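Visitor: With the input below, show me the fold.
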Amino acid sequence: MRDLTKYEATNPIFTTKVAQDLGANHQIVELNPLLQGFGHTIGNSLRRVLLTALPGSSITAVKFAHASHQYTSVEGLSADLLDVLLNLKQVVLKADTDDEGSLRLQVKGPKVVTAADIEVDAGFEVINKDLFIAELVNKDEFNIEMRARSGTGFLTITDAQTERVGELMVDAIFSPVINVSYKVEATRVGRVTDYDKVLLDITTNGSITPLEAVNQAAQILAKQFEQIFNPVDAEEVDTQRFVNAKDNKINLLTVEELELPTRIANALRRGGFKTVADLTSTPPEKIAKIKNLGEKSIDLIAEVLAAKGIKLLEK
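Guide: This is a model prediction of the structure:
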């Protein structure tokens, strides 16, 4: 096979940097110098990945206290619950984990409620804290429970499902990139004037910077291209993907979704065990110490998990 390492195309010398910081999560990222023709090749590829493939986090489900649907009237609230839902869709989250998280809003009026009032699980952070959520005009309490998860692209309410009574699904936009455009300009290296310079104009939602977004997009592209010249066996990849997807899906199940007796599910929730992942990462003897639980309860939990192909830790 021909040795490609001695050719210029396989020894790029371009650098990536922020050419302009326009504020409000808006930067122009420069790649320079590129071989002639590579400007559009790389610029267009990065743009498409930036818009469609970067992971992010979003609120996916909302449950209002004392309200079973978004058309319920809530005393003391200056707007409809539907307006509140639309505002919650705009909450920008940053997550350090791929696990599902819980968010809570517990306030008492009179008060202007903003995203800063939202309490989040460890590993999650609200970015746009000044976002308006609602206004309470009297002294009533206003409580909301929310679920958030990570993903790519978007998730519509028609694709999402919930078995929790009173929980409303929300259209989720996971992509951290709001807008991307690029242009290619001619540049020079010494006396050679036929090099390309790419300028990527990127705006994000604040959960990552535009430069970080470019780095992530480049890593995704690199993995795609590596499969061409250094392929992994397709059967091995598909099997591993199926196993991982199945495990992840089961680990995200809540204790209520395991169809355990109500007494056990409530005791687990009060003890801080919200999901299957919480149970499988804790020794059974520690779970048994929760009030109203014992060895028989642990055996029943283990039996329910075993039916789904999951085991508790060894005693």
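
Visitor: what residue ranges in the stretch 201-315 of the chain score low on pLDDT?
Guide: Within the stretch 201-315 of the chain, the segments meeting pLDDT under 70 span 234-249, 315.

Visitor: At which residues are the helices of it located?
Guide: Ranges of helices in the stretch 201-315 of the chain, per DSSP state H, counting those that start in this stretch, are 210-229, 234-251, 262-270, 276-280, 284-287, 295-307.

Visitor: Out of those helices, which one sits most buried?
Guide: helix 276-280 (a mean of 19; mean count of other CB atoms under 10 Å). Yep, even glycine has a C-beta here, placed from its N, CA and C like the rest.

Visitor: Tell me which residues of stretch 79-88 come out buried.
Guide: Residues of stretch 79-88 classed as buried by neighbour count (16 or more other CB atoms under 10 Å): 81, 84-85, 87-88.

Visitor: Rebuild the residues you listed as TSV, extending it with distance to Glu135.
Guide: Below are the buried residues of stretch 79-88 laid out as TSV (distance: CB to CB, whole Å):
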residue	distance to Glu135
Leu81	13
Val84	10
Leu85	15
Asn87	11
Leu88	14
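
Visitor: with these in mind, which one is nearest to Ala95?
Guide: Leu88 (16.3 Å; CB to CB).

Visitor: closest to Gly151 out of the helices of the stretch 201-315 of the chain?
Guide: helix 234-251 (11.2 Å).

Visitor: can you tell me which of the helices of the stretch 201-315 of the chain comes nearest to Gln106?
Guide: Among the helices of the stretch 201-315 of the chain, the nearest to Gln106 by CB to CB is helix 262-270 (16.6 Å).

Visitor: Just the residues contacting that closest one, thanks.
Guide: Residues outside helix 262-270 that contact it (CB atoms under 8 Å, 6 or more residues apart in numbering) are 255-256, 258, 260, 279, 287, 290-293, 297, 300-301.

Visitor: circling back to that earlier point, redo the helices of the stretch 201-315 of the chain as a markdown table? Include distance to Val120.
Guide: Formatted as a markdown table, the helices of the stretch 201-315 of the chain follow (distance: least, CB to CB, whole Å):
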| stretch | distance to Val120 |
| --- | --- |
| helix 210-229 | 21 |
| helix 234-251 | 20 |
| helix 262-270 | 18 |
| helix 276-280 | 17 |
| helix 284-287 | 25 |
| helix 295-307 | 27 |
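
Visitor: Quick one: the helices in the stretch 1-150 of the chain, in order.
Guide: Ranges of helices in the stretch 1-150 of the chain, per DSSP H, counting those that start in this stretch, are 38-52, 81-88.

Visitor: Could you tell me the least trusted of those helices?
Guide: For the helices of the stretch 1-150 of the chain, mean pLDDT drops lowest on helix 81-88, to a mean of 90.

Visitor: Please tell me how far it is from the chain's geometric centre.
Guide: Counting by CA atoms, centre = their mean, to the nearest Å, helix 81-88 is centred 20 Å from the centre of its parent chain.

Visitor: cool, stretch 270-287 as well?
Guide: Distance, stretch centre to chain centre, for stretch 270-287: 23 Å (CA atoms, centre = their mean).

Visitor: sorry, back to before: rebuild the helices of the stretch 1-150 of the chain as JSON lines, extending it with distance to Ser181.
Guide: Formatted as JSON lines, the helices of the stretch 1-150 of the chain follow (distance: least, CB to CB, whole Å):
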{"stretch": "helix 38-52", "distance to Ser181": "7"}
{"stretch": "helix 81-88", "distance to Ser181": "27"}
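
Visitor: Tell me which of these lies nearest to Phe132.
Guide: Closest approach to Phe132 among the helices of the stretch 1-150 of the chain is made by helix 81-88 (6.3 Å; CB to CB).

Visitor: got the CA positions of the closest one in CSV?
Guide: Presented in CSV, the C-alpha positions along helix 81-88 are these (Å, rounded to 0.1, in the frame of the first residue of the first chain):
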residue,chain,number,x,y,z
LEU,A,81,-50.3,26.3,32.8
LEU,A,82,-49.8,26.0,29.0
ASP,A,83,-47.7,29.2,29.1
VAL,A,84,-45.7,27.8,32.0
LEU,A,85,-45.0,24.7,30.0
LEU,A,86,-43.8,26.7,27.0
ASN,A,87,-41.5,28.6,29.3
LEU,A,88,-40.1,25.4,30.9
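
Visitor: Against which helices or strands is that helix packed?
Guide: strand 55-64, strand 132-136, strand 141-152 (3 or more CB pairs under 8 Å, 6 or more residues apart in numbering; DSSP states H and E).

Visitor: Out of these, which is the most enclosed?
Guide: Among those, ranked by average contacts under mean count of other CB under 10 Å, first place goes to strand 55-64 (a mean of 22).
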